[in-house]
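Q: Fold the following, please.
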Amino acid sequence: MAYIGRFAPSPTGPLHFGSLIAALASFLDARANHGQWLLRIEDLDPPREQADVKAQFPAVLSKFGLYWDGEICRQSDRHHAYQDVLEHLLAQHQAYRCNCSRKEILARCGSTLYDRHCLYHPPSAEAQCAIRVKCDNMPRHFNDTIQGRYISPNSSGGDFVVYRRDHLYAYLLAVVVDDYHQGVTHVVRGSDLLAETTRQIHLQQVLGYPTPTYAHIPVANNPQGQKLSKQTFAPALTLDDTVPLLFKALLFLDQQPPTELLEASRDEIIRWGIEHWQIDRVSPTLAKPVELSK
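A: Predicted coordinates:
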């Protein structure tokens, strides 16, 4: 089967060094395997989006020499596909409506592990509801290309939400539907999504979708041990020093780039990365610290 990979940022903030690491790892793995690399904008949650950020994503990636194949997919354009899958899940009794709040679940269950209250006591037709997919509480596992065998804890089980009470489609649903519709065969992304993978695999199995090969790279932490993100004030990528940032990303990914690459052009460092990419060199750790110059 032909390799199809993807990079799927959310527009909750500008791309930062952690974003570059994830984009570069997925890009190099796709190109080293003579595959396609797709760009998908995961703009499912308008209240959390930063104005004009997603419009910047293509220009930033292009500036770093990371060119995608085909049209850009935007999840905000695909609500019809998610709705079709929701209706199918409900019709097949694989999902059900739920109007329990987190506070109610915690008070009733002592944890956030859902007790199927609304499956046994269906809410009224007028109630504002989420939609949950049925999922038993048994540990689930898969083999990750980088992290090895991963087993989900029992606490991550239980019926999970695929449509929110505030009328937004859940990431879990959209990512599974889009990976299937785009024919994605390999997912290379940050380890912060490792725990979500078993739920995604469960949903793929319920829907009869193939499961991609997963590889979770370490996330980049700031010196305080926090993941680089909008919430931890990670600085946006600067576009006037692409070569040193690409070099630093290759170092972070344990690809052992020679120091003379610092004198190379952007395209030369990308070409070196493709020719020398070895995913089995990437550290099987969940996070690594990184120093960012001011």
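Q: mind checking how far the closest residue to Glu49 other than its chain neighbours is from Gln50?
A: Nearest non-adjacent residue to Glu49, counting by Cβ to Cβ, 6 or more residues apart in numbering: Pro11, 4.7 Å away. Bear in mind the C-beta positions are built from the backbone N, C-alpha and C, glycine included. Remark: distance between Pro11 and Gln50 (Cβ to Cβ, to the nearest Å) = 6 Å.
Q: Counting neighbours, go ahead and name the busier of the two.
A: Between Pro11 and Gln50, counting by other Cβ atoms under 10 Å, Pro11 is the more crowded of the two (24 against 12).
Q: Quickly find the element holding Ser19.
A: Using DSSP states H and E, Ser19 maps to helix 17-32.
Q: And whatever helix or strand comes next after that helix, what's buried?
A: Per DSSP H and E, the first helix or strand lying C-terminal to helix 17-32 is strand 36-41. Going by neighbour count (16 or more other Cβ atoms under 10 Å), the buried part of strand 36-41 is Gln36, Trp37, Leu38, Leu39, Arg40, Ile41.
Q: again, but for stretch 42-52
A: In stretch 42-52, counting by 16+ other Cβ under 10 Å, buried: Glu42, Asp43, Leu44, Asp45, Glu49.
Q: shouldn't Ile105 be in contact with Cys118?
A: No: if you go by Cβ atoms under 8 Å, Ile105 and Cys118 don't touch, sitting 10.2 Å apart.
Q: What ranges in the stretch 1-150 of the chain fall below the confidence cut-off?
A: 138-139 (pLDDT under 70).
Q: quick one: the strands in it?
A: Assigned by DSSP state E, counting those that start in this stretch, the strands in the stretch 1-150 of the chain fall at 4-7, 36-41, 73-74, 95-98, 130-133, 141-144, 148-151.
Q: counting contacts, what elements does the fifth one pack onto?
A: Going back to what we said before, that points to strand 130-133. Strand 130-133 sits against helix 79-91, strand 95-98, strand 160-163, helix 194-207, with contacts defined as 3 or more Cβ pairs under 8 Å, 6 or more residues apart in numbering; DSSP states H and E.
Q: make it 10 Å
A: Under the contact criterion of 3 or more Cβ pairs under 10 Å, 6 or more residues apart in numbering; DSSP states H and E, strand 130-133 touches helix 79-91, strand 95-98, helix 117-120, strand 160-163, helix 171-181, helix 194-207.
Q: Buried residues of the last one, list them for me.
A: Residues of helix 194-207 classed as buried: Leu194, Glu196, Thr197, Thr198, Arg199, Gln200, Ile201, His202, Leu203, Gln204, Val206, Leu207 (neighbour count, 16+ other Cβ under 10 Å).
Q: out of those, what pair is the most spread apart?
A: Leu194 and Leu207 (21.3 Å; Cβ to Cβ).
Q: So Ala249 versus Leu194, what's the distance?
A: Using Cβ to Cβ, one obtains 20 Å as the distance from Ala249 to Leu194.
Q: er, Ala59 I mean
A: Taken as Cβ to Cβ, the span from Ala59 to Leu194 is 30 Å.
Q: sorry, back to before: need the contact list for the residue nearest to Glu49.
A: Counting by Cβ atoms under 10 Å, 6 or more residues apart in numbering, Pro11 makes contact with 41-46, 48-57, 74, 76.
Q: Quick check: the gap between Leu39 and Pro210.
A: 21 Å.
Q: Kindly apply the preceding question to Leu251 instead.
A: Relative to Pro210, and taking Cβ to Cβ, Leu251 is found at 34 Å.
Q: Tell me the buried residues in stretch 25-38?
A: Result for stretch 25-38 [16+ other Cβ under 10 Å]: buried residues 25-33, 35-38.
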